[in-house]
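Q: Just to be clear, the model below is a prediction. Sequence and coordinates:
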Amino acid sequence: MKSRTAAILLAAGSGRRMRGAVPDKILAPLAGRPVFAHSVAAFVASGVADFYVVVYRDARQSIELARHAPTPAVFVRGGRARQDSVANALAALPDDIGTVFIHDCARPLIRPEQLAALARAVRRQRAVVLAHRVIDTIRQVPAGRGRAVTLDRDRLWSMETPQVFDRALIDRAYARARRLGRQLTDDAQAVEQLGLPVAFLENPHPNPKLTAPGDLAAIEALCARAPR
């Protein structure tokens, strides 16, 4: 039987850094529809996923998310931390899922063509992340005394989502991270901690994360310039 592809849509973040600018950043209006709906529209248009898991924060939010969710989908309550939310979603996947996209819906500018490119790339590499090159000068400041070190920006990449994985691989990576009590900043880190490579797919388009109050207006401006 041919395996299917699932997309985990993360929408359970607390949004603390929005400092109350909006009641729920994932449901905030953006270019005429909720932030969450933009990610859904990109996935549906790309056709990369056969199944969806929507990770929600609370019952009230789940009702609103359901108005815009793709089908077929299951809803899973998020955990205390992001990695707990992802683990809950992975546990809810049907047995015939062979490939998993994991996307933070606070990044509403993801495009269908990037999703299609990730789907092609994961056939060659078992773990692929969307990313962009760092253009700023970055200095690493030591915890104690000592001089700051300027890092080589030609070797620095900023991780984005979606990140896409062979299902057996990401299951194994998360199981090990949980067993060892490892803290993860993104899903690729779980695979890297297995000692396995993660491929980068460079994103030529803006794909910022909605994090701080000023981000909503900036992303709205980018939406206005994006092709429809």
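A: Yep, that arrived. Residues are numbered from 1 along each chain as shown.
Q: CA only for contacts and neighbour counts going forward, please
A: OK.
Q: Now do the contacts for residue 162.
A: By C-alpha atoms under 8 Å, 6 or more residues apart in numbering, the residues touching residue 162 are 101-104, 115, 129-130.
Q: Next, format those as CSV and append neighbour count.
A: Compiled in CSV, these are given as follows (neighbours: other C-alpha atoms under 10 Å):
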residue, neighbour count
101, 27
102, 22
103, 22
104, 24
115, 24
129, 26
130, 24
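Q: In JSON lines, list these along with secondary structure and pLDDT.
A: Compiled in JSON lines, the contacts of residue 162 are given as follows (DSSP: H, G, I helix; E, B strand; the rest coil; pLDDT from 0 to 100):
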{"residue": "101", "secondary structure": "strand", "pLDDT": "98"}
{"residue": "102", "secondary structure": "strand", "pLDDT": "98"}
{"residue": "103", "secondary structure": "strand", "pLDDT": "98"}
{"residue": "104", "secondary structure": "strand", "pLDDT": "98"}
{"residue": "115", "secondary structure": "helix", "pLDDT": "98"}
{"residue": "129", "secondary structure": "strand", "pLDDT": "98"}
{"residue": "130", "secondary structure": "strand", "pLDDT": "98"}
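Q: for those, which one is nearest residue 27?
A: residue 104 (13.2 Å; C-alpha to C-alpha).
Q: wait, what's in contact with the residue lying closest to that closest one once chain neighbours are set aside?
A: Spatial nearest neighbour of residue 104, chain neighbours left out: residue 10 (4.9 Å); criterion: C-alpha to C-alpha, 6 or more residues apart in numbering. Listed by C-alpha under 8 Å, 6+ apart, the contact set of residue 10 reads 54-56, 85-86, 102-105.
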